[in-house]
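1. Generate a structure from the sequence data that follows.
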Amino acid sequence: MDHQNSSDRLQRQMFNISSKGITCEECKNPITELPFEPTERKDGGYGKLYCYECNKKRMKDRGLKENFGGGNRY
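-> Numbering: from 1, shown residues only. Alright, predicted model coming up:
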């Protein structure tokens, strides 16, 4: 069975959000790109958004969730 290597993966579409003036919740640096287009809330904000580096660190700090994705619980 052939396995795809990382160079065969499709690149995720990135949205340029530099004109929105959004900063990272953690490091306060400007966020210029996100893999999704943020939706403005009724209060005019976008909620808590993190830059690539801070989000990567947050995911690493969270670790793996127990029983993530279902699986055998018995």
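
2. May I have stretch 9-25 exported as CSV, CA atoms only?
-> Written as CSV, here are the backbone C-alpha positions of stretch 9-25 (Å, rounded to 0.1, in the frame of the first residue of the first chain):
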residue,chain,number,x,y,z
ARG,A,9,-0.9,17.1,0.6
LEU,A,10,-3.1,19.9,-0.6
GLN,A,11,-2.2,23.3,0.8
ARG,A,12,-4.8,24.8,3.0
GLN,A,13,-6.4,28.0,1.6
MET,A,14,-5.3,31.0,3.6
PHE,A,15,-7.4,34.2,3.9
ASN,A,16,-5.6,37.6,3.9
ILE,A,17,-7.1,39.5,6.9
SER,A,18,-4.5,42.2,7.2
SER,A,19,-7.0,44.9,6.5
LYS,A,20,-9.2,43.9,9.5
GLY,A,21,-6.5,45.0,12.0
ILE,A,22,-6.8,41.7,14.1
THR,A,23,-4.1,41.0,16.7
CYS,A,24,-3.2,37.7,18.4
GLU,A,25,-5.0,37.2,21.8
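
3. where are the low-confidence patches of the protein?
-> 1-8, 64-74 (pLDDT under 70).

4. Can you list the residue ranges for strands in it?
-> 15-16, 33-34 (DSSP state E).

5. Deepest in the core, which of those strands is it.
-> strand 33-34 (a mean of 15; mean count of other Cβ atoms under 10 Å). C-beta here means a position set from N, CA and C on the backbone, and glycine is covered the same way.

6. Check which helices and strands that one is in contact with.
-> strand 15-16 (3 or more Cβ pairs under 8 Å, 6 or more residues apart in numbering; DSSP states H and E).

7. Sheet partners, orientation included, of the strand it packs on?
-> Strand 15-16 has its sheet partners listed here by DSSP bridges as strand 33-34 (antiparallel).

8. Run through the helices of this structure in chain order.
-> Along the chain, counting by DSSP state H, helices occupy 52-62.

9. ok so, going back, out of the strands of the chain, which is closest to Glu53?
-> Evaluated over the strands of the chain, closeness to Glu53 peaks at strand 33-34, with 12.5 Å, by Cβ to Cβ.

10. Thanks a lot, see you next time.
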